[in-house]
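Trainee: Give me coordinates for this.
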Amino acid sequence: MNILWLINIPLPEASILMNEQVTPFGGWLVNTSIILSQQNNVNLSIAFPKRKIKKITKLQGERITFYAFNSIVKKNEIRNKLDVNFEKIIKETSPNLVHIFGTEYLHTLAMVNICNLMNIKTVISIQGLVSICSKHYMACLPNRIQKRFTFRDFIKHDNLIQQQKKFVIRGKNEIEAIQKVNDVIGRTTWDKACTLQINYHLNYHFCNENLRGEFYKHEWLLDNCEKNSIFVSQGAYPLKGLHLMLEAMPLILQRFHGTKLYVSGADITKSNTLKDKIKMTSYAKYIRSLIQKLNLKDKVIFTGLLNEKQMCEQYLKSNVFVCPSSIENSPNSLGEAMILGVPCVASDVGGVSDMLIHKEEGFVYQSDATYMLAYYVCEIFNKDELAIKFSKNGKSHALITHDKEKNYKKLLSIYEECT
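Mentor: Sure thing, here's the model as predicted:
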């Protein structure tokens, strides 16, 4: 069986072949691609976008053939560039099936179009859905913040309202792509409901995803964590809900004065230099103002960009993991926390309730009810037996959800069904 994947980023092996730094993103694809490529009856090729290349670049890995193609950002360029590139890749790889991961970029629609023209079977894995996420983008932000421009926003035409509009535009391309395929792969009630509402003729295939390899090797222990510490895995834009986490902090600090909040990623509030100030987004400026207003300067620590091992270590050091997003499908960050056994508190959005059972494996709360977020974090801080219960039960659930062998076999059976 010849399988062609279309993904949004280069996998580590491809980055090494291009003599580029490996990024810590898309780790859930790595394990599955390795397992798949090791099968005698499967030939795997992977295509991904790459900026500033003029023609398709073929890279031969140990078992996988990679194809880098030029990124396209305007829909009217699809026919001139992407379709031609994809036709070449398809003719060279002769796929029985093209598996497309994600719907948020134009290359998904381009690949669907060319596959339909060439009578090639396709299946799309649903990651997030920008057409739906656009509805939740502002995540309870004040109206004045939504409309505000920083210097950077003005130059780039990219304040929060404009960012939301970009999601809406990308969502239209996403809807068109989903309407043109027969098969999708999903993993939650949320993505099933949303995709079937877009195209009720779809064949919906359920298949959970594997996590990054490092997270299967370790286990959280209460005695080894930093007591009264909270970890949030992202915070650069409104959907991830960092501002809502900050709003909960004063209530947590009333009971637990030494609480620290660790946020993965670059410090978006940094303004030490003129360059920092010029590059600051409206959302970053709002986060900085909240930290100042709520007296959280010494309580919030941005960790910087973390690789797989460092991310795992940060989870293990944390007393509680919080997922405060305004929308998610099945967040891998929550899966990673659960499989390590970190006690979790998550907003009850999208497919989260399919991953985490309330009061048995962690806590879920109404996404805009920051007082409940604060209450649940304090409950875990205050009750060691509850933290240990959530750790054990959450890990047991995640080991089933993210069972590598089971998920691989299910994926292979879907490939057979689709072809």
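Trainee: From here on, just use CA atoms for contacts and neighbour counts.
Mentor: Noted.
Trainee: and residue 313, how far is that from residue 342?
Mentor: Between residue 313 and residue 342 the computed distance is 11 Å (CA to CA, to the nearest Å).
Trainee: quick one: which of those two has more around it?
Mentor: When residue 313 is set against residue 342 and neighbours are counted by other CA atoms under 10 Å, the residue ahead is residue 342, at 32 against 16.
Trainee: mind checking the SS state of the more buried one?
Mentor: Of the three states, residue 342 takes coil according to DSSP: H, G, I helix; E, B strand; the rest coil.
Trainee: what's the answer for residue 3, then?
Mentor: Using three-state DSSP, the three-state assignment for residue 3 comes out as strand.
Trainee: The one 10 residues further on now?
Mentor: Reduced to three states with three-state DSSP, the structure at residue 13 is helix.
Trainee: give the contact list for it.
Mentor: With contact set as CA atoms under 8 Å, 6 or more residues apart in numbering, residue 13 has these partners: residue 61.
Trainee: mind running it again at 10 Å?
Mentor: With contact taken as CA atoms under 10 Å, 6 or more residues apart in numbering, residue 13 is in contact with 19-20, 22, 30, 59-62, 64, 66.
Trainee: likewise residue 119?
Mentor: Residues residue 113 are the ones in contact with residue 119 under the rule CA under 10 Å, 6+ apart.
Trainee: Same question for residue 14.
Mentor: By CA under 10 Å, 6+ apart, the contact set of residue 14 is 20, 22, 46, 48, 58-61, 64-68.
Trainee: Quickly note the distance from it to residue 26.
Mentor: Following CA to CA, the distance that separates residue 14 from residue 26 is 13 Å.
Trainee: Over to residue 116?
Mentor: Distance of residue 116 to residue 26, computed by CA to CA: 27 Å.
Trainee: Then residue 97?
Mentor: From residue 97 over to residue 26 the distance is 21 Å, taken as CA to CA.
Trainee: tell me the SS of the nearest residue to residue 323 once chain neighbours are set aside?
Mentor: The spatially closest residue to residue 323, leaving aside those adjacent along the chain, is residue 346, at 4.5 Å (CA to CA, 6 or more residues apart in numbering). Of the three states, residue 346 takes strand according to three-state DSSP.
Trainee: Report the residue ranges of every domain in the protein.
Mentor: Using automatic domain parsing, the domain ranges for the chain come out as 2-208+403-418, 214-401.
Trainee: now the last one: mean pLDDT?
Mentor: Per-residue pLDDT values over domain 214-401 give a mean of 97.
Trainee: Between its first and last residues, how far does that domain reach?
Mentor: Start-to-end span of domain 214-401 (CA to CA) is 16 Å.
Trainee: just use 215 as the starting number from now, easier for me
Mentor: With 215 as the first residue, the last one maps to domain 428-615.
Trainee: Distance from the chain centre to it, please.
Mentor: Average the C-alpha atoms of domain 428-615, do the same for its chain, and the two points are 15 Å apart (CA atoms, centre = their mean, to the nearest Å).
Trainee: ok, then the element right after the helix ranked longest in the chain?
Mentor: Taking residue count as the measure and DSSP state H as the definition, the longest helix of the chain comes out as helix 374-393. Proceeding N to C from helix 374-393, the next assigned helix or strand is strand 397-400, under DSSP states H and E.
Trainee: which other helices and strands contact the helix or strand following that next one?
Mentor: Once the chain leaves strand 397-400, the next helix or strand it forms, by DSSP H and E, is helix 403-412. Counting contacts by 3 or more CA pairs under 10 Å, 6 or more residues apart in numbering; DSSP states H and E, helix 403-412 is packed against helix 344-347, helix 374-393, strand 397-400, strand 417-420, helix 566-569.
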